[in-house]
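Asks: got a predicted structure plus its sequence, pasted below:
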Amino acid sequence: MSKSVSLIVAALLLASPAMAQDKTQVGKSPPRNYGVGQVATPAQIAGWDIDVRPDGVGAPAGKGSVKDGEKIYLEKCAACHGEFGESAGRWPQLAQGKGTLASHDPVKTVGSYFPYLSSVFDYVRRAMPFGDAQSLSNDELYAVVAFVLNLNDIVDDKFVLSKDTWAQVRMPNESGFYDDDREKSEKAFWNSRPCMKDCGPPVKITGHAAVIDVTPEDKTPRKGGVE
Amino acid sequence: MTDSNDDTRTSRRRFLTGAAGLAAAGATGAAHAGNPKNLPPNIAAWSKTLGDGVAVRPYGHPSKFEKNVIRRDVQWLTASRESSVSFTPLHELDGIITPNGLCFERHHSGIAEVDPDDYRLMIHGLVDRPLIFTLDDIKRLPRVNRIYFLECAANTGMEWRGAQLNGCQYTHGMIHTVQYTGVPLKLLLEQAGVKTNGKWLLVEGGDASGLDRSLPLAKALDDCLIAYRQNGEMLRPEQGYPVRLVVPGWQGNMWIKWLRRIEVGDKPWYTREETSKYTDLMENGKARKFTFVMDAKSVITSPSPQVPVKRKGFQVISGLAWSGRGKIKRVDVSLDGGRNWRAARIDGPVLDKCCVRFYAEAEWNGEPWLLQSRAMDETGYTQPSKDALRKIRGVNSIYHNNGIQTWALKANGEVENVEVG
């Protein structure tokens, strides 16, 4: 191949991946070690590794009772979530809602919707109280989560939550979820020849956003200019 | 009442009909007619005097006449701005790239201000070598540039029960498209060496919500990026400065901002964000989980309620279309609420899991239009009507509302978000 031809070929090779957004072009096997990054020590990992799985893997040492949890909850959570988890104002509701999921007004709470204890525990551990994250001790965390479970009638007043009692907690909606099935249940949407002409009877307007009138007022000019 | 949105403290009805409304309308009219002193045969003011010199605006801003082009929020949606959303002004934009300052925001504990010197990314779990990377480490690795859309799964979520919010900024503004520069996640995982029983990753943010999601390893190895730049410059704080995860075509909640940790495991975690949130409740009370992919969708951005029509005659109808399953193949536009369709013209790049810009041109003589657009992707998936979606999913699922949007154009040029049937 002459030099100029190979240059043109090289230019084309360079040009095409950009348009196609090809998959990873670097890091092809065999993987290369770039000698970048430091080994993480067990102590460094322990400080950051706060996630907990449904089977309790990752749950820390410690324990807490419903009774102790009530005190912590009233002090650190009730202002937003309400004394009984009913929510104060527009903050999230944490309790009640049982039996509403199939209704016109589903109320999703820890008791009515969360599938696993870990889904609550892991979240409170990392994110609550809102604005004061990771401030609870492990014992306080166990206690306050135990109390939220108690508010939802999932554990009794005497319950003590810990690694040891973890597996005793069963959430009511554990079986309420199934894997994404859109490719089956919505197969009809894979229709590459949709109707183009005279598709059905003339359509009518059945609802108006302007009538509902919940749009924020902003300075965008909405008035048409046509007289 | 909002104070960062730009509203006058008058209601829209008064805006349109009252004294304030007349003044505002007059101002708009004047802007249209222009100031005669600047118009031919006169010489415009800016043609006679010196303007600002170089570096007077060391980081440039849009023209002062474009103050209306901003993100906006809907305050009644949430209890606090630290856990809330602001919307991209899609109606003010063209092409496919979203300017960095206009990319919608969704935070769960406000914007973390991460010092890049103290930034660390930890990779551990089922790996041969648990590692910690600094930002400099990440920047030393081979990098790629990719343009993707990022759509929140709750985009259009307020519209399940009918037309609610009057403006495509609010109905469809939880999306943006930027070019990311970053390192393939695969390459980073290879540095740690994923063990053969590794199947899922926990990806976690470094803000005070520590947002954590389970990500299938196969997706991580396919096309995910550890990104640190958007449109050439470093990520904005509200987009996860200095490092965010890019999960092409999948719901925005997984694109972890301020990324601090990746743990390799053998099962998903079922975190709060993938159970209590981001699961799609069906009519029978059961919910779909792990609905990661964003279905093909489109919206006409102009005309739309915030971009009324000013004149009869020739009109350019413009919009965006995207699919999480690949490239957009075709976009159709209807003027009669979906009875008759014509193919729109796509202009600009057509990329994998990226927005395309489409146009349709038409004459308008004041007759009512019911404007719709319909996207089709390369897998043959065609954007369904809202009713077709509701038939399968009911109205409680909040997420993944990709139904066809209808804008009603009225004789006076006003445009409204409507439901048709």
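Replies: Great, that's in hand.
Asks: neighbours around residue B:398, how many?
Replies: For residue B:398, the neighbour count with other C-beta atoms under 10 Å in any protein chain shown is 19. C-beta here means a position set from N, CA and C on the backbone, and glycine is covered the same way.
Asks: which residue packs closest to it, ignoring adjacent ones?
Replies: residue B:157 (4.7 Å; C-beta to C-beta, 6 or more residues apart in numbering or on different chains).
Asks: who are the contact partners of the one you found?
Replies: By C-beta atoms under 8 Å, 6 or more residues apart in numbering or on different chains, the contact set of residue B:157 is B:398, B:399, B:401.
Asks: same question for residue B:212.
Replies: Contacts of residue B:212 by C-beta under 8 Å, 6+ apart are A:51, A:122, A:126, B:202, B:203, B:204, B:205, B:256, B:269, B:271, B:273.
Asks: ok, now with 7 Å
Replies: A:51, A:126, B:202, B:203, B:204, B:269, B:271, B:273 (C-beta atoms under 7 Å, 6 or more residues apart in numbering or on different chains).
Asks: please name the nearest non-neighbouring residue to it.
Replies: The nearest residue in space to residue B:212 (C-beta to C-beta, 6+ apart) is residue B:204, at 4.4 Å.
Asks: re the thing from before, can I get the contacts of residue B:157 in CSV with secondary structure?
Replies: Output for the contacts of residue B:157, formatted as CSV (DSSP: H, G, I helix; E, B strand; the rest coil):
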residue, secondary structure
B:398, coil
B:399, coil
B:401, coil
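Asks: relative to chain A, which of those is nearest.
Replies: residue B:398 (9.6 Å; C-beta to the nearest C-beta).
Asks: could you measure from the closest one over to residue B:153?
Replies: 8 Å (C-beta to C-beta, to the nearest Å).
Asks: same check on residue B:38?
Replies: From residue B:38 to residue B:153 the distance is 48 Å (C-beta to C-beta).
Asks: can you list the domains in chain A?
Replies: A:1-37, A:51-168 (automatic domain parsing).
Asks: and the shortest one, average pLDDT?
Replies: By that I understand domain A:1-37. What domain A:1-37 shows for mean pLDDT is 55.
Asks: ok, back up a step: burial measure for the residue nearest to residue B:212, as a count.
Replies: Residue B:204, neighbours per other C-beta under 10 Å, totals 27.
Asks: please apply the same query to the one 3 residues further on.
Replies: When counting by other C-beta under 10 Å, one arrives at 23 neighbours for residue B:207.
Asks: tell me, how many residues neighbour the closest residue to it other than its chain neighbours?
Replies: Spatial nearest neighbour of residue B:207, chain neighbours left out: residue B:112 (3.8 Å); criterion: C-beta to C-beta, 6+ apart. Using other C-beta under 10 Å, residue B:112 has 18 other residues around it.
Asks: hmm, back to that, which of residue B:38 and residue B:153 has more neighbours?
Replies: The residue with more neighbours, out of residue B:38 and residue B:153, is residue B:153; 25 against 12, by other C-beta under 10 Å.
Asks: please name the residues that touch residue 138.
Replies: Here I'm looking at chain A. With C-beta under 7 Å, 6+ apart, residue A:138 has these contacts: A:60, A:61, A:62.
Asks: you looked at the wrong chain, it should be chain B
Replies: B:121, B:183, B:226, B:228, B:243.
Asks: redo those as CSV? Include pLDDT.
Replies: Shown next, in CSV, are the contacts of residue B:138 (pLDDT from 0 to 100):
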residue, pLDDT
B:121, 98
B:183, 98
B:226, 98
B:228, 98
B:243, 98
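Asks: can I have the buried ones of these as a PyMOL selection?
Replies: Selection of buried members from the contacts of residue B:138 for PyMOL, criterion 16 or more other C-beta atoms under 10 Å in any protein chain shown:
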select buried, chain B and resi 121+183+226+228+243
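Asks: tell me which of the contacts of residue B:138 fall in helices.
Replies: With DSSP state H as the criterion, helices contain none of the contacts of residue B:138.
Asks: of the contacts of residue B:138, which is the nearest to residue A:38?
Replies: residue B:121 (11.1 Å; C-beta to C-beta).
Asks: for the closest one, which non-adjacent residue is spatially closest?
Replies: residue B:133 (4.5 Å).
Asks: is it true that that neighbour lies in a strand?
Replies: Yes: secondary structure of residue B:133 (three-state DSSP): part of a strand.
Asks: now for it: which residues touch it?
Replies: Counting by C-beta under 7 Å, 6+ apart, residue B:133 has contacts A:36, A:37, B:121.
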